[in-house]
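Novice: Requesting a structural model of the entry that follows:
(chains A, B, C, D, E, F, G and H)
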Number of protein chains: 8
Amino acid sequence: MKLEKNDKLVIIGDSITDSSRARPVGEGLFDAIGKGYVGNVEALLTATYPELGIRVVNMGTSGHRVRDLKERWQTDVIELKPDWLSIMIGANDVWRQYDSPTMTEEHVYIEEYETTLEELIVQTKSGLKGLILMTPFFIEPNKSDLMRATTDKYGEVVKRLAKKHGALLVDTQAAFDKVLTHLYSATLSWDRVHPNQAGNAVLARAFLQQIGYDFTKGLE
Amino acid sequence: MKLEKNDKLVIIGDSITDSSRARPVGEGLFDAIGKGYVGNVEALLTATYPELGIRVVNMGTSGHRVRDLKERWQTDVIELKPDWLSIMIGANDVWRQYDSPTMTEEHVYIEEYETTLEELIVQTKSGLKGLILMTPFFIEPNKSDLMRATTDKYGEVVKRLAKKHGALLVDTQAAFDKVLTHLYSATLSWDRVHPNQAGNAVLARAFLQQIGYDFTKGLE
Amino acid sequence: MKLEKNDKLVIIGDSITDSSRARPVGEGLFDAIGKGYVGNVEALLTATYPELGIRVVNMGTSGHRVRDLKERWQTDVIELKPDWLSIMIGANDVWRQYDSPTMTEEHVYIEEYETTLEELIVQTKSGLKGLILMTPFFIEPNKSDLMRATTDKYGEVVKRLAKKHGALLVDTQAAFDKVLTHLYSATLSWDRVHPNQAGNAVLARAFLQQIGYDFTKGLE
Amino acid sequence: MKLEKNDKLVIIGDSITDSSRARPVGEGLFDAIGKGYVGNVEALLTATYPELGIRVVNMGTSGHRVRDLKERWQTDVIELKPDWLSIMIGANDVWRQYDSPTMTEEHVYIEEYETTLEELIVQTKSGLKGLILMTPFFIEPNKSDLMRATTDKYGEVVKRLAKKHGALLVDTQAAFDKVLTHLYSATLSWDRVHPNQAGNAVLARAFLQQIGYDFTKGLE
Amino acid sequence: MKLEKNDKLVIIGDSITDSSRARPVGEGLFDAIGKGYVGNVEALLTATYPELGIRVVNMGTSGHRVRDLKERWQTDVIELKPDWLSIMIGANDVWRQYDSPTMTEEHVYIEEYETTLEELIVQTKSGLKGLILMTPFFIEPNKSDLMRATTDKYGEVVKRLAKKHGALLVDTQAAFDKVLTHLYSATLSWDRVHPNQAGNAVLARAFLQQIGYDFTKGLE
Amino acid sequence: MKLEKNDKLVIIGDSITDSSRARPVGEGLFDAIGKGYVGNVEALLTATYPELGIRVVNMGTSGHRVRDLKERWQTDVIELKPDWLSIMIGANDVWRQYDSPTMTEEHVYIEEYETTLEELIVQTKSGLKGLILMTPFFIEPNKSDLMRATTDKYGEVVKRLAKKHGALLVDTQAAFDKVLTHLYSATLSWDRVHPNQAGNAVLARAFLQQIGYDFTKGLE
Amino acid sequence: MKLEKNDKLVIIGDSITDSSRARPVGEGLFDAIGKGYVGNVEALLTATYPELGIRVVNMGTSGHRVRDLKERWQTDVIELKPDWLSIMIGANDVWRQYDSPTMTEEHVYIEEYETTLEELIVQTKSGLKGLILMTPFFIEPNKSDLMRATTDKYGEVVKRLAKKHGALLVDTQAAFDKVLTHLYSATLSWDRVHPNQAGNAVLARAFLQQIGYDFTKGLE
Amino acid sequence: MKLEKNDKLVIIGDSITDSSRARPVGEGLFDAIGKGYVGNVEALLTATYPELGIRVVNMGTSGHRVRDLKERWQTDVIELKPDWLSIMIGANDVWRQYDSPTMTEEHVYIEEYETTLEELIVQTKSGLKGLILMTPFFIEPNKSDLMRATTDKYGEVVKRLAKKHGALLVDTQAAFDKVLTHLYSATLSWDRVHPNQAGNAVLARAFLQQIGYDFTKGLE
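Specialist: Model (predicted):
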């Protein structure tokens, strides 16, 4: 288990991360953490490592692209002083290119995506015990699908940056692809972007595996 | 993993099981499975064993006691033809004795509890591949607490019946007790009965452990 | 224009047809006709052929499969005494196989689909001036996609039955495919099943073309 | 077809245009375009000319008169940089004179109407590929009706300005009058001002005809 | 004043009468009488003749035609044992012919209107101290308007029946026509059928005049 | 009839006047005038004198005392430029003394009441064609009742000021007292302060009588 | 203290008793007992005599008169097997005579009141340990007020029956009268019938005094 | 009775005090005082001592800790100029340590608690006729329970400060403990913090006892 006693883990991203978290800060009583994969991660950490007192904070915001993260990086990451930081962004950067093709000023193309994401990493990583980068994903097994293909390219950026900056990498697309060899996308997500409970379990497992989580700890 | 391809697992219980499941049958699209430990179990099974096509059905009903399960056993268990059946009941059987002490006709005392629960087991077990009995629990570490003490006695009944009838036993109270050595009950539940996300993770882990679930399957 | 003065056209189907129509009968004031392609068809017919007094009745019901149409055929088609009847069914017959793979009793496989649909046609066609069969569709251009492939097979059934029974055929999948060569599916539908306004315009145009509608009539 | 690849068409007006569009800008996902004639126009353009990527933006605002358009012309037209602009205004300029006769400061009389409308045209037209002027209308066939008569006068202003400034003219009143020879006004509108779906189809057809739309394009 | 101490006046009709009255019987506390002309009549009678204790009961039902009154005549008129009865019906009998021209089975043509209305009168009048017949109306001054013209014909039926059966006649159309020489219809009604407060005042005045009401009674 | 063509009548007061009027100004479409006595007055004026085009504006505000009127006199009276002004205030000035006896800073005692009311009159009357002062009232016939007795004293102030400043006086208490000789207060008001429809008719009649209204005008 | 360990006290009445109690039986968790004087009584009994386990059941129903109690006496009193029974009825029996004077069939006059109330007492008292009769009340100090005078007469009936049948008498009117010598009725009730919290405290004190309650028990 | 005629008693605290009081100041009509123990205290004072005109003001705010009271002390206590002041604070100061153990910046530890509370007392007491300090409480009889043990320590602080500053002390924990010898905590509170009606009665009795309240005053 890579996280240590009393570590604070901030998880930032878009609606997949958000999942109805509380405002302004997604932590505390009454499901303030949201009902998505972040909630799953926090619940399993608490249930398995109650002695560690890991503090998980959900800072996802629906609809956000990397451009939007940059806007709120100071208040929503820096000022929260995380020990660990996890970032998953890119779905909306890509999606707007396909669901709103005429609204080009809303698109975040891959150059801006890479530059901005790296800028945020560089700005933050020195203060962290650990950085986790999660690839964006599209719950569609057909790699020729236009949106899948573009998402894969953005995912490559994330992999490259993880390697370059020594971050833990959560390859969410690979995790979904494994399930998609057995199940049609509709069992995991209505729109191939927002996971249902099973889809969130896919994300949570992939995330927890990278931070050295042991599900069986304390189970006889 | 004890469940096999295409097995149908029906999980029955009270509000802890219910967790806003769909009516009349708690399965299918749009969180019909509910948002509690049953949803966690189903999500992790689907994410980890997509090739098995396990079918999970949530038949919990808020407020129910074993007496109420008996009333709906035919429609809510028998007619659903489960391969596996999980039962967790007793919280309301006990609770009414403590929150409504004057309303004695609403109490289900331990003799009725045992007799009725065994009656349901006997009536059903021959048609099952596997039976899972979950003890009731009270998220309170003080064994001298009156409600905890009574719950423990009901839990003893469940353990006895599990042994007698060869059922898998999920000792939910033991699972909670382990966490309660590190955390105060309020981190798992507002009222010591209804678990929050972390509390549901405690239940899901204990349940999955008993059915031979392997969290790391397919994770590199 | 194939429809004649005062003809009554009943359009039956699933949620794509339904689009929040009124109950029990989808016609009359205040958008009782629904806000989907049926509403578009009725609006354009009224605007273009006000002198004909075509009566359009929407009998779509969300979630329905051909098995469900059969249940309500007497009240929802026969007793309404249509001059023209249009049927588009199949999306849910196919979809449940992919979004709820374990709930097999909810699936309508292709044999039942064909038999039932033909039964309904045979039972009704003698009383009609005209029968219109619309293929089911899936707004996904990849013909190897599992759900698209299955939908195409159901579409073949519809084409075969249209030919055999002399019905007008509306090839909705072909109509969508033409648009999908230029636009990603997300511009026409959130979930590739329920069309947005542009998707409904695709359906309405394909439908109107088959019944000999002339958009320019009366426009200088 | 007069619009070209990637042209941006801004449509401004009152509640007839608005039809529950999104704020602050009426374009994008989830019916942001509104559910009235603008939605119909956009849907038919997308369905018929998917290769053109026409961008339609709805800037109608309920209750507005030409005086109100002037207030928001900078933000709601100029800053959106339209290639094409369509204006339909006047219903409320006239209506307030008849439904609120004592509130004279709310009335916009014909001189102010003409002056203001021309001012907006002059201010904008040089930057446009095309300007479309739609007359106001009243869905009442009786030309002696006071409100119809006044609306006709305002319509004359629009026609005059269209001619003077080389704009395309959509004579909405003429379009409605044709339908009203066959149908009573109540079939198109509850209050003779706000069109139902059929009334919106009348507007959409008249509009599309003027911009060279071909309904049959791509239909076999 | 024609009504006497403790007389019970039942007023039946359609939505114009109904005006959100209570169910099943429109009388009693908390505006059970409705907020339309019936409420005005009752309020002015109570304020002016408190010593008479006139009992007013509103039995209007939205959407009803004379055909619908017949269905509920036993429970809604006979069993209430009125001393005085007022009937205003016909708006929907006529309107459906104009707003839903294709739904012919919903139309009540003039023969059925006259026959049914007379049947109801004959069945009831012997038990009454007084019968009041109110003509239907359409708040449109143009007598060539199709719906106005038809309404006038139905009004003629009412006048004929009032004369034949010795009923008091309230010529509501004449009352509105007088106001319409000065004001446009929109000041009295949004849709020319449902009166606003001013329109209800027109009806209440016309009604009260016929029953011999004296507004100035008791005012110095 | 004392009001003349196109006169503007502003009516200010408390909740009895307010009756859910629109904000910021209580006039215009859709019952903006409120549903109380002001609505009755406006409706009867419009129905009876449509040729005069009297403009009625409701500026009542629930809970207000004369102290509160003073606060908003500039915006809510002066800037509206009334030809006629009607004031009815005092219910809350008195009521707070009886329903909240300990909250003395909320009470407006009679000296402040008289001084402030006169101040408002003096400040306004020169610009008016006519001023109408309505006494406050309490719908309780027992003159020894404490709240009635106090209200009567405030009413005396209004009468004195009306005489001194040449205003029309509407003695609302006298109007209610006449009805209360025949009916118990509960038939006119639930709480003896807020009139129901019959109570509002009492107010409207008293008001209209003073301005020379003729109910029978134009009735044959 | 007259009630003994485990005694069951059923309290029946009208809206004053009801105070939003649960249905069908007003006892149990989450304020099922209602928020009026019954809730106060139950709360003070539990707080003061926790060792007695007194069971209080609220069977009040808004709007009910003694005639309505009779209708539900079997299910709502007899079948609940009370040890103690408290009845307070009459407010609506009287009120309808004053707020709905024309609806005479809704009035319950004093003969019916006395006969019916006695019938209920006779039918029940043999099975009771104790019967409590509470007079109806009207929170109005003026004994000449019509409704107060009538209420007093109904109160006399209750006193007579209490004496005759050996019931405990709670003279609620006397209790209110004492407070009304110092406070105006509006401090206890908005409409002189439904008590606010202070009014309910008046009732609870009067009730508790009669059953021998000792507020200071256990307080040092 | 220690409070005197027209004394103003301000009661400040957290959600236990708040109980849905009105904002910004919790006093006046329509349960502005809240529905908790403060409402009970005010109701019993008014019912028992109507001649004193005691003014009770509820300034509780949900979620508040002593740190939050300090923030609003000027506006919510000083400016209200109380004669008597009652403070009950500490539940959230303690609770956050147990329900949100990782959010340490939200915890108010005992040193800050004592310092701040004393600071508020010192700042205020000279202007008061009387100060009442209520201990915080936890409705749990097990003194080894962690949250109970901590609450007891905070309670000791309150007792010490009461003694030091000559305040009346309400030992709420002792009051609850007495009841808990007979009843399980669930009969008084769902979560052991927020009292139900019976729990509020425990608080109200303890409070009233300390200020010399006599329940039997005026009861024969």
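Novice: Let me know whether the single longest helix found in chain A sits next to chain C.
Specialist: In terms of residue count, the longest helix belonging to chain A (DSSP state H) is helix A:146-165. Yes: in this structure, helix A:146-165 sits against chain C according to C-beta under 8 Å from any C-beta of the partner chain; the contacting residues are A:146-147. For every residue, glycine as well, the C-beta is placed using N, CA and C.
Novice: what's the burial count for A:Gly127?
Specialist: Residues contacting A:Gly127 under the criterion other C-beta atoms under 10 Å in any protein chain shown number 12.
Novice: if I look at it, how far off is chain E?
Specialist: When distances are taken as C-beta to the nearest C-beta, to the nearest Å, A:Gly127 and chain E turn out to be 64 Å apart.
Novice: Pretty sure A:Trp84 sits against A:Ile12.
Specialist: No: proximity of A:Trp84 to A:Ile12 does not meet the contact threshold set by C-beta atoms under 8 Å, at 11.5 Å.
Novice: interface residues of chain A facing chain D?
Specialist: Listed as neighbours of chain D in chain A under the rule C-beta under 8 Å from any C-beta: A:99-103.
Novice: Now the residues you listed in CSV, please, with extra columns for pLDDT.
Specialist: Supplementary listing: the residues of chain A next to chain D in CSV, determined by pLDDT from 0 to 100:
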residue, pLDDT
A:Asp99, 96
A:Ser100, 96
A:Pro101, 96
A:Thr102, 96
A:Met103, 97
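Novice: so which two of these are the farthest from each other?
Specialist: Taking C-beta to C-beta as the measure, these span a maximum distance of 10.6 Å, between A:Asp99 and A:Thr102.
Novice: quick one: which of these two has more around it?
Specialist: More neighbours sit around A:Asp99 than around the other of A:Asp99 and A:Thr102, counting by other C-beta under 10 Å; the figures are 24 against 18.
Novice: which residues touch that one?
Specialist: Residues in contact with A:Asp99 (C-beta atoms under 8 Å, 6 or more residues apart in numbering or on different chains) are C:184, C:186-187, D:29.
Novice: Please list all residues in contact with A:Asn58.
Specialist: Counting by C-beta under 8 Å, 6+ apart, A:Asn58 makes contact with A:11, A:17-19, A:21, A:26-27, A:32-34, A:38-39.
Novice: ok, now with 7 Å
Specialist: A:11, A:17, A:21, A:26-27, A:33-34, A:38 (C-beta atoms under 7 Å, 6 or more residues apart in numbering or on different chains).
Novice: For the residues you listed, which entry has the maximal number of neighbours?
Specialist: A:Val38 (32 neighbours).
Novice: if we can go back for a sec, the longest helix of chain A near chain B at all?
Specialist: No: judged by C-beta under 7 Å from any C-beta of the partner chain, helix A:146-165 makes no contact with chain B; its nearest approach is 14.4 Å.
Novice: helix/strand/coil for A:Gly63?
Specialist: Using DSSP: H, G, I helix; E, B strand; the rest coil, the secondary structure recorded for A:Gly63 is coil.
Novice: How many neighbouring residues does it have?
Specialist: Other residues within reach of A:Gly63, judged by other C-beta under 10 Å, total 12.
Novice: What does the pLDDT read for it?
Specialist: In the prediction, the pLDDT value recorded for A:Gly63 is 97.
Novice: repeat for A:Phe30
Specialist: Note on A:Phe30: pLDDT of 89.
Novice: And it, how far from A:Gly39?
Specialist: Distance check for A:Phe30 against A:Gly39: by C-beta to C-beta, to the nearest Å, it reads 12 Å.
Novice: Quick check on these two: which one has the bigger neighbour count.
Specialist: Higher neighbour count among A:Phe30 and A:Gly39: A:Gly39, with 27 against 8, using other C-beta under 10 Å.
Novice: That one belongs to a helix, doesn't it?
Specialist: Yes: for A:Gly39, which was evaluated using three-state DSSP, the result is membership in a helix.
Novice: ok, now which ones touch it?
Specialist: Listed by C-beta under 7 Å, 6+ apart, the contact set of A:Gly39 reads A:19, A:31, A:33, B:197.
Novice: May I see these arranged in JSON lines, with secondary structure and distance to G:Lys2 as well?
Specialist: Shown next, in JSON lines, are those (DSSP: H, G, I helix; E, B strand; the rest coil; distance: C-beta to C-beta, whole Å):
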{"residue": "A:Ser19", "secondary structure": "coil", "distance to G:Lys2": "58"}
{"residue": "A:Asp31", "secondary structure": "coil", "distance to G:Lys2": "49"}
{"residue": "A:Ile33", "secondary structure": "coil", "distance to G:Lys2": "54"}
{"residue": "B:Gln197", "secondary structure": "helix", "distance to G:Lys2": "51"}
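Novice: which among those residues end up buried?
Specialist: Neighbour counting with 16 or more other C-beta atoms under 10 Å in any protein chain shown marks A:19, A:31, A:33, B:197 as buried within the contacts of A:Gly39.
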